[in-house]
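Colleague: Sequence plus the predicted model coming up.
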Amino acid sequence: MKQMEITSSVSFHYYTDFDKAKFFYETVLGLQIGHDFDWAILYQVTGKSFIGVVKKDKSSITQGHTRNLFSFTVSNLEECYDRIKHYENEFVFDLSEIKHFEDIQLKSFFFKCHEGYDFEIQSFQSEELKRIF
């Protein structure tokens, strides 16, 4: 079975007070913005490792997720989907279909691991975002 071709990772954190969260990440922690999607800001931690700060109630992507979501950006999304699906109902639960979010040029799917942690496997469709992530 083919391995995931990971290009970056993001740990998403969901906030009800988005402005306060922005102040914390930008001023208190001093992190630089990697990309601003308006409803989510991805702060660069190092290289291609990011922390995403999300407006909890503003994005359809966040529906059903708790306070954290760990995302892998990959270059082989469909192969990764097949790999993860192979483990469904034993290690992988609540596996979604691959969704296309046109407004941010992203394809992704979601699932929970056997302990209930949320994961996303994603692939950006624009060349600009592929360079960043």
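Modeller: Nice, I can see it.

Colleague: only C-alpha atoms for contact and neighbour calcs from this point on.
Modeller: Will do.

Colleague: just how off-centre is the biggest strand by length in the chain within its chain?
Modeller: With secondary structure taken from DSSP state E, the chain has its longest strand at strand 6-15. Its chain's C-alpha centre lies 5 Å from the corresponding centre of strand 6-15 when counted by Cα atoms, centre = their mean, to the nearest Å.

Colleague: for that strand, packing partners?
Modeller: The criterion is 3 or more Cα pairs under 8 Å, 6 or more residues apart in numbering; DSSP states H and E, and the helices and strands that strand 6-15 contacts are strand 49-55, strand 68-74.

Colleague: and with 10 Å instead?
Modeller: If contacts are counted by 3 or more Cα pairs under 10 Å, 6 or more residues apart in numbering; DSSP states H and E, strand 6-15 sits against helix 18-23, strand 40-46, strand 49-55, strand 68-74, strand 118-124, helix 127-132.

Colleague: So for residue 96, which of these sits nearest?
Modeller: Distances from residue 96 to each of those were compared using Cα to Cα; the shortest belongs to strand 118-124, at 9.6 Å.
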